[in-house]
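Engineer: structure of the sequence below:
(chains A and B)
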Amino acid sequence: MDTLLDISSNFAIAFCVLNALLYIFWLKGNNKAFRIFAVYLVVIAVIQINASYLKLIIPINNNLFLFHFYYILQFIFLTFFYFELLKHKWMYVVLVIVLGIITFQFIETPAMFFRYNPLGVAITQGFIVIYSVLFFYKYLHETNEFLIINIGLFFYLLSSILIFASGNLVFNMELITKYGYRLLLNLNNVLYLGLQFLIFVTWWKNYYSKKTIK
Amino acid sequence: MVEELLFQEDYQIVDLILIAIALLVAMAVAIILFFYFSRKRIIKSELEKANLKIANQKEILQTTIITQEEERKRIAQDLHDAISSKLNIVSLNANMLSLKDISSEETNKIANSILKVTGNVLESSRKIAHDLLPPTLDKFGLEAALEELCEEVADTNSFEVDCNLQYLEHFLNKDKELHVFRIVQELFNNSIKYSEATNLTLKTEMEGKQLLLYYSDNGKGFDVSIAKKAKGLGMSGIENRVAILNAIHTIISSPDNGISVTLALNPSKDEN
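Structural biologist: Residues are numbered from 1 along each chain as shown, chains lettered A, B, ... in the order given. As a prediction, this is how the structure comes out:
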């Protein structure tokens, strides 16, 4: 189980970095939504790399604080991304309110910085899921290049809410949850790989069609 | 490595979490499939609509071409009967004139015959041109042209025509006046050919900023929904012209109750 987790998580990081690079190199001549998504991928890739390899540079035991960067930055960038696609003004209002709630959480429980944040994850990823459903509805009878990514985000974010919300259990329990914990992490990796794969497919489709059909 | 003690409760919690995640995944798949199939359905129905529209337009185009050909045939026939055959006679007569030894009395006779026939031909060609496009419309406007049309129909003595026209000069531009004229012409033709009516009414009046036109006959009428599907250009031609005029029309008819048509037109703005 350990080696599988290591392999899959390394693979996930590699894929993530690959996608980030592909999207950055393809930045020219693409619309604003695309650029925001590319930046999002870069940020996530950076966080992922830090999560795995930060302990080699700085001697720390618990890198869970990176998780906060992960879900908050994810929420911010994906809100901007979906705003470009959906153009609903109230999305900014939601952004401000949710960030306010999270800030309030931090002020009230500073120790949360080194643990998971079930409520924060649920709210942020939940709202992104809502945006992706709105996107599905908007493009019900048209096509859009981000449709596949949207499917991936919808699927992954919905499923992983529960995974991350239950992450705090690792602090309360003993041996068994190491097993369950690893199982959950594996599941997360599999789903995440699925997401990265779909992001890659989107890039491939566009790259391919731009070259041949013009 | 295998020496991990399984505490019942913790095991159950992990199980619960896994079940919940499985449910979320299932729900996500269901939603995605729902959107996918809805999409297909919507695209399919839009395609059907577009195809229907294309088929309809094709049909209109075909009927237009058929009518055009019929019209050409009629004109060719008219020209041949009225004009070519008569000009033939003129040419024969002229040929006789060119012969050397004929008496002056015969010359006179032939000259008169030529005069008579060319007069006829002139009259016929004027009539054909007039039937195609009455010069009255161009020179004197819509009201005069419609009045003339009413008189022509009344002159045949098989109909009583009630004509009451009130029209603001230059309310419509020349093109639109022609369309209105054609519509009325078509209505008269339909009444004459099919309706077995005895009384035809045409009335135009200015109401506010609109021109209202009423036409009715007391003939045998027809079923409006059937006529719309018929291939004859009558109804669809009128409808096309009404669409070009940007006007509103209503056609009321039922078997044995004649037909009554109303047309409401707005003034021509300067569109060029």
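
Engineer: any idea which helix or strand comes after whatever helix or strand B:A26 lives in?
Structural biologist: Assigned by DSSP states H and E, B:A26 belongs to helix B:8-78. Using DSSP H and E, the helix or strand that follows helix B:8-78 towards the C-terminus is helix B:85-97.

Engineer: for that next one, buried residues please.
Structural biologist: Neighbour-count burial for helix B:85-97 flags B:K86, B:I89, B:V90, B:N93 (criterion: 16 or more other C-beta atoms under 10 Å in any protein chain shown). All C-beta spots, glycine's among them, are computed from the backbone N, C-alpha and C.

Engineer: check stretch A:37-56 too.
Structural biologist: A:37-48, A:50-51.

Engineer: stretch B:174-183 now?
Structural biologist: B:K176, B:E177, B:L178, B:H179, B:V180, B:F181, B:I183.

Engineer: could you do stretch B:247-261 as well?
Structural biologist: Neighbour counts over stretch B:247-261 (16+ other C-beta under 10 Å) mark B:A247, B:H249, B:I251, B:S253, B:G258, B:I259, B:S260, B:V261 as buried.

Engineer: ok now the helix or strand where the last one lies, how far from the chain's centre?
Structural biologist: If you go by DSSP H and E, B:V261 is part of strand B:259-265. Between the mean C-alpha location of strand B:259-265 and the chain-wide mean there is a distance of 14 Å, by C-alpha atoms, centre = their mean, to the nearest Å.

Engineer: pretty sure A:A51 is in contact with A:N63, am I right?
Structural biologist: Yes: contact status for A:A51 versus A:N63: in contact at 5.8 Å, counting by C-beta atoms under 8 Å.

Engineer: taking chain B, what residue is nearest to chain A?
Structural biologist: When scored by C-beta to the nearest C-beta, chain B has B:V14 as its residue closest to chain A, at 3.2 Å.

Engineer: what mean pLDDT does the longest helix along chain A get?
Structural biologist: Longest helix in chain A by number of residues (criterion: DSSP state H): helix A:175-212. The pLDDT scores in helix A:175-212 average 76.

Engineer: and if you look at stretch B:216-226?
Structural biologist: What stretch B:216-226 shows for mean pLDDT is 78.

Engineer: related to what we said a few turns ago, surely the residue of chain B closest to chain A and A:I163 touch.
Structural biologist: No: between B:V14 and A:I163 no contact is recorded; they are 11.4 Å apart, counting by C-beta under 8 Å.

Engineer: so what sits against both of the two?
Structural biologist: Shared contacts of B:V14 and A:I163 (C-beta atoms under 8 Å, 6 or more residues apart in numbering or on different chains): A:L184.

Engineer: what are the ranges of the strands in the stretch 151-272 of chain B?
Structural biologist: Ranges of strands in the stretch 151-272 of chain B, per DSSP state E, counting those that start in this stretch, are B:160-165, B:199-207, B:210-217, B:248-253, B:259-265.

Engineer: and the longest one, what other elements does it pack with?
Structural biologist: If contacts are counted by 3 or more C-beta pairs under 8 Å, 6 or more residues apart in numbering or on different chains; DSSP states H and E, strand B:199-207 sits against helix B:142-155, strand B:160-165, strand B:210-217.

Engineer: and the last one, what's buried?
Structural biologist: Which is strand B:210-217. Neighbour count says strand B:210-217 has B:Q210, B:L211, B:L213, B:Y215, B:S216, B:D217 buried, by 16+ other C-beta under 10 Å.

Engineer: flag every residue of chain B that's near chain A.
Structural biologist: By the rule C-beta under 8 Å from any C-beta of the partner chain, the part of chain B lying against chain A is B:4-7, B:10-11, B:13-14, B:17-18, B:20-21, B:24-25, B:27-29, B:31-32, B:35, B:38-39, B:42-43, B:46.

Engineer: now the buried members of those.
Structural biologist: Buried subset of the residues of chain B next to chain A (neighbour count, 16+ other C-beta under 10 Å): B:10, B:13-14, B:17-18, B:20-21, B:24-25, B:28, B:31, B:35, B:39.

Engineer: any idea of the pLDDT on B:D78?
Structural biologist: At B:D78, the predicted lDDT confidence score is 85.

Engineer: no no, B:L200
Structural biologist: According to the predicted model, the pLDDT of B:L200 comes to 88.

Engineer: what about the strands in chain A?
Structural biologist: Under the criterion DSSP state E, chain A carries no strands.

Engineer: the bottom helix or strand of it by mean pLDDT?
Structural biologist: When each helix and strand of chain A is scored by mean pLDDT, DSSP states H and E, helix A:169-172 comes last, with a mean of 70.

Engineer: check contacts around the residue nearest to the spatial centre of chain A.
Structural biologist: Note on chain A: the residue nearest the mean C-alpha position is A:Q74, at 5.5 Å, using C-alpha atoms, centre = their mean. By C-beta under 8 Å, 6+ apart, the residues touching A:Q74 are A:Y40, A:I44, A:T124, A:Q125, A:I128.

Engineer: contacts only, for the last one.
Structural biologist: For A:I128, the set of contacting residues under the criterion of C-beta under 8 Å, 6+ apart consists of A:Q74, A:F75, A:L78, A:T79, A:Y82, A:L153, A:L157.

Engineer: put together JSON lines for those residues, with distance to A:H68 and pLDDT on each row.
Structural biologist: Shown next, in JSON lines, are the contacts of A:I128 (distance: C-beta to C-beta, whole Å; pLDDT from 0 to 100):
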{"residue": "A:Q74", "distance to A:H68": "11", "pLDDT": "91"}
{"residue": "A:F75", "distance to A:H68": "11", "pLDDT": "93"}
{"residue": "A:L78", "distance to A:H68": "16", "pLDDT": "92"}
{"residue": "A:T79", "distance to A:H68": "17", "pLDDT": "93"}
{"residue": "A:Y82", "distance to A:H68": "21", "pLDDT": "92"}
{"residue": "A:L153", "distance to A:H68": "20", "pLDDT": "91"}
{"residue": "A:L157", "distance to A:H68": "17", "pLDDT": "89"}
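
Engineer: show me which of those residues is closest to chain B.
Structural biologist: For the contacts of A:I128, the residue nearest chain B by C-beta to the nearest C-beta is A:L157; the value is 9.1 Å.

Engineer: looks like the closest one contacts A:Q125 (just checking).
Structural biologist: Yes: contact criterion C-beta under 8 Å: A:L157 and A:Q125 qualify, at 4.5 Å.

Engineer: before we move on, the earlier item: ok, and what's touching the strand holding B:V261?
Structural biologist: Residues from elsewhere that reach strand B:259-265, judged by C-beta under 8 Å, 6+ apart: B:172, B:176, B:180, B:183, B:187, B:190-191, B:195, B:210-217, B:219, B:221-222, B:242, B:245, B:247-253.

Engineer: strand partners of that strand, parallel vs antiparallel please.
Structural biologist: strand B:210-217 (antiparallel), strand B:248-253 (antiparallel) (DSSP bridges).

Engineer: B:I128 contacts B:A82, doesn't it?
Structural biologist: Yes: look at B:I128 against B:A82 with C-beta under 8 Å: they come within range, at 6.8 Å.

Engineer: now the helices: where do they sit in chain A?
Structural biologist: Using DSSP H, helices in chain A cover A:2-25, A:32-57, A:65-86, A:90-108, A:118-138, A:147-165, A:169-172, A:175-212.
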